[in-house]
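[1] Give me the fold of what follows.
(4 chains)
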Number of protein chains: 4
Amino acid sequence: MNFASDNVYGVHPRILEAVVAANQPLTDVPYGHDDGAQACEAALSRVFETPVRAFLVLNGSMANSLALSAMSPPFGGIFCHEGAHIQTDECNGPELFTGGAKLLTLPGEGNRITPQAIERRLRHFVHGEHGARPSVVSITQATELGTVYTVDEISALGATARAHGMRLHMDGARFANALVSLGCTPAEMTWKAGVDALSFGGTKNGGMILEAVVFFDPALAEDFLFRRKRAGQLLSKGRYLSAQLLAYLHDGLWLDNARQANALAQALSRGLALVPGVRIAQPTQANEVFALMPVALCGVLQALGAVFHEWPVDGIDAGMTHVRFVTSWATPMADVSRLIALAQQASARGVDGDD
Amino acid sequence: MNFASDNVYGVHPRILEAVVAANQPLTDVPYGHDDGAQACEAALSRVFETPVRAFLVLNGSMANSLALSAMSPPFGGIFCHEGAHIQTDECNGPELFTGGAKLLTLPGEGNRITPQAIERRLRHFVHGEHGARPSVVSITQATELGTVYTVDEISALGATARAHGMRLHMDGARFANALVSLGCTPAEMTWKAGVDALSFGGTKNGGMILEAVVFFDPALAEDFLFRRKRAGQLLSKGRYLSAQLLAYLHDGLWLDNARQANALAQALSRGLALVPGVRIAQPTQANEVFALMPVALCGVLQALGAVFHEWPVDGIDAGMTHVRFVTSWATPMADVSRLIALAQQASARGVDGDD
Amino acid sequence: MNFASDNVYGVHPRILEAVVAANQPLTDVPYGHDDGAQACEAALSRVFETPVRAFLVLNGSMANSLALSAMSPPFGGIFCHEGAHIQTDECNGPELFTGGAKLLTLPGEGNRITPQAIERRLRHFVHGEHGARPSVVSITQATELGTVYTVDEISALGATARAHGMRLHMDGARFANALVSLGCTPAEMTWKAGVDALSFGGTKNGGMILEAVVFFDPALAEDFLFRRKRAGQLLSKGRYLSAQLLAYLHDGLWLDNARQANALAQALSRGLALVPGVRIAQPTQANEVFALMPVALCGVLQALGAVFHEWPVDGIDAGMTHVRFVTSWATPMADVSRLIALAQQASARGVDGDD
Amino acid sequence: MNFASDNVYGVHPRILEAVVAANQPLTDVPYGHDDGAQACEAALSRVFETPVRAFLVLNGSMANSLALSAMSPPFGGIFCHEGAHIQTDECNGPELFTGGAKLLTLPGEGNRITPQAIERRLRHFVHGEHGARPSVVSITQATELGTVYTVDEISALGATARAHGMRLHMDGARFANALVSLGCTPAEMTWKAGVDALSFGGTKNGGMILEAVVFFDPALAEDFLFRRKRAGQLLSKGRYLSAQLLAYLHDGLWLDNARQANALAQALSRGLALVPGVRIAQPTQANEVFALMPVALCGVLQALGAVFHEWPVDGIDAGMTHVRFVTSWATPMADVSRLIALAQQASARGVDGDD
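    Okay, the predicted model is just below:
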């Protein structure tokens, strides 16, 4: 019963097979100039229905940092949610790779930012060169709280960014989960809504090392080979990366995996919602379930072998805790059912916080 | 009637004389190794009643950035108020000179942070190396809103910092104004309350270029000569800097200047408080007066020649604006009186926002 | 006939099998805290006959940059050969990750630096904080020209470094090739000779992504988890990395692979040396052969399907070129024989530069 | 008898008077937006006979670092002489402010680089993004060895830079000394010869803090206000800087000062050349004299009160040392005469190294 994260699960068999197959032929061109790398760019261009520039990198944090470094000068300011992964979980990587840009954090329901919040903050930027120069709006889709921006919300943020001379970046560590949740096309969720650059993540959704930076504006890609190399994100044996992305996109594997993970999250969310003392804290729109539950219940579940994280938020009632469950393409449905059953039993035994 | 900032006023005559006098003898040792530089360290040690390490730098922003760079690793997190000068007015300098440390901003009344706010935020740092490593608490004394931390408040922040393995930094761009406001000793307001490093500012209080980084913990000063040189904060003709600091500290000039500026602010604050439609927005504890007033009144005053800044804050009623008046050692008392009189007359004529 | 680099060859079957096997069990602890990561540290401690701190990273450039960042302050100076990989082939990565340290390049035969060259350069560092502070000596073993430092040479460099308060770093991208060439123990070639930190490379020698930073002084490792995360060198699914290193060290695979590559290089070197017009330019001590040959001969070989790089050096006679051949554990012996035969035939036909 | 540097001398009286005069009127616009700052740009445009963008900064090192940061990306390479001030005396400042660009050092007579040396080095840049991207050629005029590039030499370097997509930067810490030495116009020595950006120094030639970055290509200036502020090079009370530059340029003061310094250097050079055992090591073309002399003679002169630096160079005969004498606008002619006389007397007494 491991719901700690989608990244605790291994690699999808079809992707692993592709890695093994990449061991032939005997030799290949190194350092990102293999045929596979070009095939990846072509495949992503088909996915997005427009010619994109795409570069394989080694993890999602770096997809973000490098995308941002192409969009913001070192004296720039990057608007994001105060709970954004780039702010809370990348150990100052964005600051390092942008050369010192500042993350300007905003509050917002469900880890979503709004044009209004950006506008309000911009009113404080009246000092010319004394403050950071607003340069990028960065959003996470799906968010770190498992919610999803609608296409209209993204479009509104894109318009706000452009109106102030800024660019729009999307952290798509769980891009596929958001996409199948909305039921729109990749194009609609990105460049048609004003997204200039995307961190396209696949590691959490069945890959081993499966991340790409996708630029919809080719001007942003101009120096990217230098940026990637300097940042230590270029592998000599790149064929093992490109093979993964090609297998991932092939025959809809990426969408199937995401649908499966989302369906499990829905099942888990519905089941937990019925447990006395438990409250689903966020709309379950992708593959993450956030819930408030009694500390005692949380402890019982963990003692019974359920693996998941407490997720600190402010303003929780005493005796309650906020927890996160993440499902993946590989999470056994039996684990979901068992977790729900255990929670119901424990709650019935009186660990629902009311005693 | 210039209340735009204390830095719009020139240099105190005694400091200017010291600069002129520094032109003799014909030659001096360059690059910060002049006798004056050592005399500055000795003078500050007397002021603080303990041996300090002190280094002259070229402006207050750099005093902050360099002090922070000695206190935080590049992967560190620096707690400060969301309206702190290091966050809003130094164009990512702290990010540059620390090598990419992250400013962790906190809300707080009167631009003051509290131990509680720090503790609350620290609860989110549960990820090991995934988030920034909390390294420094930085406070501004007096704050950017003209308020002053009490010695007890500073001590509590110092204790909180130490309890979490962090250091305490004080941005003292208006150190003297805060000091005379509290009526305590420099030692009581700094190292005795747990301050490890201080940006000691004098430019706003009568200097030309009069800033120093003061370390109460000598270990922090170990590499500082390299840090200052690398950062471009070392002058070849350093004698013109050390002369300023020595004149500033001589015979209480720094305290006299601050008392005069604070007294003018008190007079202005009391006068404006009586103007219908005007509300003093922050306690006037140093040399800055913040007020809410009708937009129309603000416009009239500016049209009549009063120079001051609107200071954006959220949540103001329509038709009202938030403004800042700064007084200095050199601000004519007549200007203060005239501003009050003009505001009263304008208000009486009906530009008080009620029409 | 691909001699372009050892990294154009794929992954050794036993390492690939280990990657596949790592897909079980279903879940594992992410972000470098898998059991495999600890097993790697233990295995390397056995290899080096001393407790080491070891961290998996994603490529050799980053092993270098991150090791250096732990050894040098941003205002430091890093002595290395003017042809060192960190100077010529890492696109300013060392500058980025050290926060701006300066590489102080030295000449030297066979890309080897000497204590004398370091001492000579240090004589220019008389300015206190005006120059970089000498902090690290970095050597490559085997060098970029396929030569190998003897243990005595390393010891002498270690002594020189220590005498000046510096640390000694070894770039071991081809560590195994150098080791089997010298016939000494890993301990003798590293910490016993004064090496403080090692970039332990295995990608070129049969791995897919197989690189580690090894610290012999645990103090250098203190903040390394933060450094690695910030630098984007931490994978979520770390088990696929640790599996590689364990397979690599198991049952001497790493040494067998290196012996095979070195033997092929010896065969190639001996064969080419007999070709009229060709001169072996460096002693062949690891798995690289550098030769001077007529431009015409070089063109013929490439036209016949031999893949290798011209390697620019100064001072070559007109009509001649300097070329590099790299052999790997997987290079077919038949390719070596064929290349020699083709060179002999071409030379006999008169493309030896003498016509 | 202080020949340690031109910066050991104080401020020219006319510049000091201008600083004092800048204390009126009572208030001025802060942060570089004073009328004086604009007047400086206009005055420099007249000096250079073309509209320039000019920004006051606080020292010559930062003029260099900030100019370079506008000309090179962080992944760029900056060609300069191995003895250039940016390489040897700015403590990694260029690396910091460019975000990690690499200085690519070249040898060359008299600290001058040549197009040939650049071309030779560029031949090694065959790796695409693996090496730094060549971005800037930086020269010092006059050089750190007191020599001067001719206009033709500068033009040739400008052409080489452009041919390879690079920019040309001139470190003009001793710009005036070089200018009067050549007898050409400022335009001829800069933009007409292909210089894109200039560090225009005046501190060594009579200023207190008198440095500007001058851009001949306005595109390079686009973000400079942000760069300067972020780097901590913006003063609040900027009027005291602009007053210095205006006084410096007024009525030819800058040229008169430079002529005087150069004339003293000529006198010193001619006098020392006649002392047995002393050899002038570089052509004396500006205000610095480099000489080889017996160690014993050097010690005698220092014991007699002459202040100057030994200047390490390689390949000196045993018993000899390489020394530097710098003259300034304020160096007493009597000191020059006395130094020569003392050297002659000491030499006559037998401390010429032949004993």
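
[2] Quick check: which helices or strands does the longest helix anywhere in chain A pack against?
    In chain A, taking DSSP state H as the definition, the longest helix is helix A:253-273. The elements that helix A:253-273 packs onto, with contact taken as 3 or more CB pairs under 8 Å, 6 or more residues apart in numbering or on different chains; DSSP states H and E, are helix A:175-182, strand A:279-280, strand A:288-294, strand A:320-326, helix A:333-348. From N, CA and C alone the C-beta is placed, and that goes for glycine too.

[3] Extract the C-alpha trace of it and format it as CSV.
    Output in CSV follows, covering the C-alpha atoms of helix A:253-273 (Å, rounded to 0.1, in the frame of the first residue of the first chain):
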residue,chain,number,x,y,z
LEU,A,253,0.9,4.7,-23.4
TRP,A,254,1.3,8.0,-21.7
LEU,A,255,-2.4,8.7,-21.8
ASP,A,256,-3.4,5.2,-20.7
ASN,A,257,-1.1,5.3,-17.7
ALA,A,258,-2.5,8.7,-16.7
ARG,A,259,-6.0,7.5,-17.0
GLN,A,260,-5.3,4.5,-14.9
ALA,A,261,-3.6,6.6,-12.2
ASN,A,262,-6.5,9.2,-12.2
ALA,A,263,-9.1,6.5,-12.0
LEU,A,264,-7.4,5.0,-8.9
ALA,A,265,-7.3,8.4,-7.3
GLN,A,266,-11.0,8.9,-8.0
ALA,A,267,-11.8,5.6,-6.4
LEU,A,268,-9.6,6.3,-3.4
SER,A,269,-11.1,9.8,-3.0
ARG,A,270,-14.7,8.5,-3.1
GLY,A,271,-13.9,5.8,-0.6
LEU,A,272,-12.1,8.0,1.9
ALA,A,273,-14.8,10.6,1.7
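
[4] quick one: contacts of it?
    Identification of contacts with helix A:253-273 by CB atoms under 8 Å, 6 or more residues apart in numbering or on different chains yields A:3, A:6, A:12, A:14-15, A:146, A:174, A:176-177, A:179-181, A:202, A:205-206, A:247-248, A:278-280, A:284, A:286-289, A:291, A:293, A:325-329, A:331, A:333, A:336-337, A:339-340, A:343.

[5] and if we set it to 6 Å?
    A:14, A:176-177, A:180-181, A:205-206, A:248, A:278, A:280, A:284, A:286-287, A:289, A:291, A:325, A:327-329, A:331, A:336, A:340 (CB atoms under 6 Å, 6 or more residues apart in numbering or on different chains).

[6] what does stretch A:317-327 give?
    With CB under 6 Å, 6+ apart as the test, stretch A:317-327 has contacts from A:3, A:5-6, A:261, A:264-265, A:268, A:287-292, A:294-295, A:298, A:308-311, A:313, A:316, A:353.

[7] circling back to that earlier point, got the angle for the longest helix of chain A vs helix A:175-182?
    Relative orientation of helix A:253-273 and helix A:175-182, computed by axes from the mean of the first three to the mean of the last three CA atoms, to 10 degrees: 70 degrees.

[8] Report the buried residues of stretch A:168-180.
    A:168-180 (16 or more other CB atoms under 10 Å in any protein chain shown).

[9] ignore the last one, stretch A:109-126
    Of the residues in stretch A:109-126, those buried under the neighbour-count criterion (16+ other CB under 10 Å) are A:110-115, A:117-118, A:121-122, A:124-125.

[10] Now do the end-to-end distance for it.
    The straight-line separation of the ends of stretch A:109-126 (CA to CA, to the nearest Å) is 27 Å.

[11] Tell me if that stretch is near chain B.
    Yes: applying CB under 6 Å from any CB of the partner chain, one finds stretch A:109-126 touching chain B at A:123-124.

[12] other SSEs contacting the helix or strand residue A:38 falls within?
    Using DSSP states H and E, residue A:38 sits in helix A:35-48. For helix A:35-48, the elements it packs on are strand A:53-57, helix A:186-189, helix A:239-249, judged by 3 or more CB pairs under 6 Å, 6 or more residues apart in numbering or on different chains; DSSP states H and E.

[13] Give me the buried positions along that helix.
    By neighbour count on 16+ other CB under 10 Å, the buried set for helix A:35-48 is A:36-37, A:40-41, A:43-44, A:47-48.

[14] ok, now which ones touch residue A:189?
    Applying CB under 6 Å, 6+ apart, one finds that residue A:189 lies in contact with residue A:179.

[15] Can I get the helices and strands packed on helix A:253-273 in TSV including distance to residue A:129?
    TSV is the format used below for the helices and strands packed on helix A:253-273 (distance: least, CB to CB, whole Å):
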stretch	distance to residue A:129
helix A:175-182	36
strand A:279-280	46
strand A:288-294	40
strand A:320-326	41
helix A:333-348	54
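
[16] quick one, phi psi at residue A:219?
    Here the main-chain torsion angles of residue A:219 (degrees, to the nearest 10) amount to phi -60, psi -30.

[17] Tell me how far it lies from residue A:199.
    18 Å (CB to CB, to the nearest Å).

[18] got it, and residue A:242?
    As for residue A:242, its distance to residue A:199 is 17 Å (criterion: CB to CB).

[19] quick one, which of those two is more surrounded?
    Neighbours were counted for residue A:242 and for residue A:199 using other CB atoms under 10 Å in any protein chain shown; residue A:199 has more, 30 against 25.

[20] Secondary structure element holding the closest residue to the more buried one other than its chain neighbours?
    Counting by CB to CB, 6 or more residues apart in numbering or on different chains, residue A:199 lies nearest to residue A:63, which is 3.6 Å off, once chain neighbours are set aside. Under the assignment given by DSSP H and E, the secondary-structure element containing residue A:63 is helix A:60-71.

[21] As PDB, could you dump the C-alpha coordinates of the following helix or strand past that helix?
    Toward the C-terminal end, the helix or strand that comes next after helix A:60-71 (DSSP H and E) is strand A:76-81. Taking Å, rounded to 0.1, in the frame of the first residue of the first chain, the C-alpha atoms of strand A:76-81 are listed here in PDB:
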ATOM      1  CA  GLY A  76      14.000  38.900 -13.300                       C
ATOM      2  CA  GLY A  77      11.000  37.900 -11.100                       C
ATOM      3  CA  ILE A  78       9.100  34.700 -11.500                       C
ATOM      4  CA  PHE A  79       5.500  34.600 -10.300                       C
ATOM      5  CA  CYS A  80       4.400  31.300  -8.900                       C
ATOM      6  CA  HIS A  81       2.200  29.800  -6.200                       C
END
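
[22] Can you pull out the residues in contact with strand A:76-81?
    Taking CB under 6 Å, 6+ apart as the criterion, the residues outside strand A:76-81 that touch it are A:72, A:86-87, A:101-104, A:106, A:108, A:111, A:113, A:118, A:132-138.

[23] tell me the average confidence for the helix or strand just after it?
    Using DSSP H and E, the helix or strand that follows strand A:76-81 in sequence is helix A:85-88. Averaged over helix A:85-88, pLDDT sits at 97.
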